[in-house]
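Asks: A structural model of the following input is requested.
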Amino acid sequence: MPSLIDFRRRIRSVKNTQQITKAMKMVSAAKLRRAQERVIAARPYAKLMREMLANLVAAAASDDRAADSPWLVKREVKRVDLIFISSDTGLAGAFNSNLLKAAQRFHEEHAGAEMTLTLVGRKGRDFYRKRQAKILSEHINVLNRPGYQDAAEIAKEVIRRYKDGETDAVYLINNDFKSVMTALLSVTQLLPLELPKQDAAQAQTDYIYEQSPLDMLERLMPRFVEVAVLRGMLETVAAYQAARMTAMDTASSNAKDVIDSLTLHMNRVRQAAITKEIIEVVSGAAAAE
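Replies: Numbering: from 1, shown residues only. Predicted structure coming up:
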């Protein structure tokens with residue numbers, strides 16, 4: 001059985017770990033607040049831009065030059081570009097493993113297509129490097145405070161490949177932030193743009209464009225992809241900080257349980273040692289008589 005000194009050392013070690021997990025929880029809580037504000041600000045813009053582009057695609061489809069536009073051509077999906085956003089660091093429970101499982105399911109669903117990866121985050125990069133996957137580009141340490149220029153750099157090569165016909169579809173996998181306790185895995189098709197189902201009232205809506213819808217589509221479609229990538233990065237950062245805060249809170253709670261258990265065992269050992277000493281004293285006194 002461990003001695004009192006061993007118990008005290010283990011309790012001290014667990015208390016030090018508990019202080020670290022509590023500090024990390026507080027840091028993640030502060031970062032989550034800022035990340036959540038950025039996510040909430042970005043969502044309406046991304047949603048409205050997607051709706052506007054859907055209307056623009058429908059209007060551009062009637063143009064005589066539509067057959068020559070790479071944004072409107074429907075191709076058989078033989079090559080797929082996947083933008084996969086994970087975190088750079090761990091200590092967030094099953095956050096990254098759930099993302100990787102979603103990516104594996106996506107690979108299985110598109111087993112017949114050639115897959116090319118654009119990896120954002122160190123965890124996803126490390127995972128696919130070990131599996132000799134076809135990697136188009138890697139982007140590490142851009143999730144500390146992601147900006148539009150970072151998203152534009154990530155999306156640039158993917159947009160060019162789709163426009164030049166080197167790939168047939170572009171997808172984005174990330175975690176969407178819902179609440180502190182919940183993150184939703186998101187698999188989004190960016191290109192070709194999926195047209196939402198419209199009811200009869202929406203179908204009758206007519207827009208007047210000052211420029212040709214096809215020319216507007218040529219300029220706005222790359223911006224749409226960049227905005228979608230930026231939103232995916234912001235959502236993933238917020239979801240990661242929430243997952244890390246929850247994981248550190250659980251670790252602190254578990255550390256408290258371990259400390260209580262070790263303290264109980266230490267007190268029992270100390271009580272047994274005291275009882276033994278008392279018995280020895282009493283036995284010695286009785287023998288002297």
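Asks: in this protein, which helix or strand is least confident?
Replies: None of the helices or strands of the chain scores lower by mean pLDDT, DSSP states H and E than helix 200-203, at a mean of 46.
Asks: Leu184 is in what secondary structure piece?
Replies: Per DSSP states H and E, Leu184 falls inside strand 183-191.
Asks: which strands and helices sit next to that strand?
Replies: Under the contact criterion of 3 or more C-beta pairs under 8 Å, 6 or more residues apart in numbering; DSSP states H and E, strand 183-191 touches helix 95-109, strand 169-177, helix 213-288. Any C-beta I mention is one placed from the backbone N, CA and C, and that applies to glycine too.
Asks: okay if I get those as TSV plus mean pLDDT?
Replies: Converted to TSV, the helices and strands packed on strand 183-191 look like this (pLDDT from 0 to 100):
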stretch	mean pLDDT
helix 95-109	94
strand 169-177	94
helix 213-288	90
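Asks: Which one, of those, ends up nearest to Ala59?
Replies: Each of these has some distance to Ala59 by C-beta to C-beta; the shortest is helix 213-288, at 4.0 Å.
Asks: what's the offset of that closest one from the middle of its chain?
Replies: 20 Å (C-alpha atoms, centre = their mean, to the nearest Å).
Asks: quick one: that helix to strand 169-177, angle?
Replies: Helix 213-288 runs at 40 degrees relative to strand 169-177, counting by axes from the mean of the first three to the mean of the last three C-alpha atoms, to 10 degrees.
Asks: how about the helices and strands packed on strand 183-191, which one is nearest Pro2?
Replies: Using C-beta to C-beta, the helices and strands packed on strand 183-191 put helix 213-288 closest to Pro2, at 7.6 Å.
Asks: who does the closest one touch, helix- and strand-wise?
Replies: Taking 3+ C-beta pairs under 8 Å, 6+ apart as the contact cut, helix 213-288 packs with helix 4-60, strand 79-85, helix 95-109, helix 148-163, strand 169-177, strand 183-191.
Asks: Go through these and name the closest to Val120.
Replies: strand 79-85 (4.4 Å).
Asks: what's the most buried one of the helices and strands packed on strand 183-191?
Replies: strand 169-177 (a mean of 23; mean count of other C-beta atoms under 10 Å).
Asks: Can you give the strand pairings for that one, parallel or anti for each?
Replies: Note on strand 169-177: by DSSP bridges, its sheet partners are strand 79-85 (parallel), strand 183-191 (antiparallel).
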